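Chemist: coordinates only, sequence not included:
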């Protein structure tokens, strides 16, 4: 009902504006919307630098803290240049005869000025906003191979993965591709960001193999204070991630922000409760990981669901992602170092599927254009297509890079720590 009322009010306001200002063009820039997307862009970059960097850095051992910070920072720089050169065109360009698969054009952003995009924000602002999504997605994958991959391999893999995995899936979902035509619902990146990153991370963890000593040797986070600081930055930055995806400063953005916050809080409490019941004590690591699970899981649904749906999705995220983490680490003994797949991958899958449920008006959502069964089928197709494409291309990339330059540092280098071996620096001089 909220969304219907807001839409009616928006239409009335637009009609009155055109009535009393006949010279106003439909594609004129909207200052309020532009300002909000500029702010959201800053918030999403804040998620990666410094949010994700600090979150990951605190979770690894002290001898590898700088390596993680370096990887996140360098990926941000490289992706920015690639996005400008041609990747934005692959994601959002007009692909002509192959338009449903990949975009073409807009290379070197030579045809981009300050003209409007989607009616009332400059394309330059949209370009920057989407760039921050492209930056954080390969940076998330770092958690899957932390503490054991060569820096050169990280850079080559991240750049090629952006081109061959992220750009096509982004085009399918947001650039007018085939999933968009099917009615696939992914408001802010459940498939494009979280399923993609999660699947790539677990594939990388399996191909690289376990860290030396895993799982017999305990490898606890070296600095939980840094991790909590980064987690807090992620929570704040995520408002730009989800609410900014409305591409307007309107009621939809407000509801997306509300849903994001409720899901994060619910995910934190659910994960904390699981640990409290199982281990007798709640941990700080658990509550912040539950928060990230809640944020990742609500991402695809944030602009389609109401507060009730957000609450259920957040609680489900805490419970399901906690169970997935335990199973992957202890059951399958896969060394996904910083739990990227069980938190982001499983959370993205769960949230993308539940979008087809809680977007229904009966649950307080925006409403579905088809039956719930049809929407869930579409969501399932999108999940499977994204996961399959990502898995296959990631396997090929890693195998190719391993043959050409090698993926993993030596056992001696791993023992010494990547900070000294790869960067000739220490995180702490005590």
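Modeler: Great, that's in hand. The structure displayed is predicted, hence computed values, not measured ones. Numbers count the residues shown, from 1 in each chain.
Chemist: which residues are in contact with the helix or strand residue 155 falls within?
Modeler: Using DSSP states H and E, residue 155 maps to helix 151-161. Helix 151-161 has contacts (CB atoms under 8 Å, 6 or more residues apart in numbering) with 67, 70-71, 74-75, 78-79, 82, 138, 141-142, 145, 200, 204, 393-394, 397-398, 401-402, 405-408, 418, 422-423. Placement of C-beta: from N, CA and C, glycine included.
Chemist: Same check on stretch 267-278?
Modeler: Applying CB under 8 Å, 6+ apart, the external contacts of stretch 267-278 come out as 281-283, 286-295, 297, 314-319, 321-323.
Chemist: quick one: residue 274 and residue 287, what's the gap?
Modeler: 11 Å (CB to CB, to the nearest Å).
Chemist: quick revisit: any of the contacts of helix 151-161 buried? List them.
Modeler: Buried members of these, counted by 16 or more other CB atoms under 10 Å: 67, 70-71, 75, 78-79, 82, 138, 141-142, 145, 200, 204, 393-394, 397-398, 401, 407-408, 418, 422.
Chemist: Helices - which of these land there?
Modeler: Of the buried ones among the contacts of helix 151-161, the ones assigned to helices by DSSP state H are 67, 70-71, 75, 78-79, 82, 138, 141-142, 145, 200, 204, 393-394, 397-398, 401, 418, 422.
Chemist: Next one: residue 419 relative to residue 81, how far apart?
Modeler: Going from residue 419 to residue 81 by CB to CB gives 25 Å.
Chemist: what does residue 214 give?
Modeler: For residue 214, the distance to residue 81 (CB to CB) stands at 35 Å.
Chemist: what does residue 420 give?
Modeler: 28 Å.
Chemist: Among those two, which residue is more densely surrounded?
Modeler: Applying other CB atoms under 10 Å to residue 420 and residue 81 shows that residue 420 carries more neighbours, namely 16 against 10.
Chemist: who does the host helix or strand of the more buried one touch, helix- and strand-wise?
Modeler: According to DSSP H and E, residue 420 maps onto helix 418-423. In terms of contacts (3 or more CB pairs under 8 Å, 6 or more residues apart in numbering; DSSP states H and E), helix 418-423 is packed against helix 65-82, helix 151-161.
Chemist: and those helices as TSV, adding mean pLDDT?
Modeler: What follows is the helices and strands packed on helix 418-423, written out as TSV (pLDDT from 0 to 100):
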stretch	mean pLDDT
helix 65-82	98
helix 151-161	98
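Chemist: who wins for proximity to residue 249 among those?
Modeler: Residue 249 lies closest, by CB to CB, to one member of the helices and strands packed on helix 418-423: helix 65-82, at 25.4 Å.
Chemist: Show residues contacting the closest one.
Modeler: If you take CB under 8 Å, 6+ apart as the criterion, helix 65-82 is touched by 45, 48-49, 52-54, 56-58, 60, 87, 131, 134-135, 138-139, 142, 146-147, 151, 154-155, 158-159, 162-163, 222-223, 417-419, 422-423, 425-428.
Chemist: so after that helix, what's the next helix or strand?
Modeler: Moving toward the C-terminus from helix 65-82, the next helix or strand (DSSP H and E) is helix 88-92.
Chemist: elements contacting that next one?
Modeler: Helices and strands touching helix 88-92, by 3+ CB pairs under 8 Å, 6+ apart, are helix 123-145, helix 167-174.
Chemist: Rounded mean pLDDT for the longest one, please.
Modeler: Predicted confidence along helix 123-145 averages 97 (mean pLDDT).
Chemist: same thing with the last one?
Modeler: Per-residue confidence for helix 167-174 averages out to 97 on the pLDDT scale.
Chemist: which other helices and strands contact it?
Modeler: helix 88-92, helix 123-145, helix 178-182, helix 372-404.
Chemist: any chance of those in CSV, plus distance to residue 250?
Modeler: Below are these laid out as CSV (distance: least, CB to CB, whole Å):
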stretch, distance to residue 250
helix 88-92, 22
helix 123-145, 16
helix 178-182, 21
helix 372-404, 24
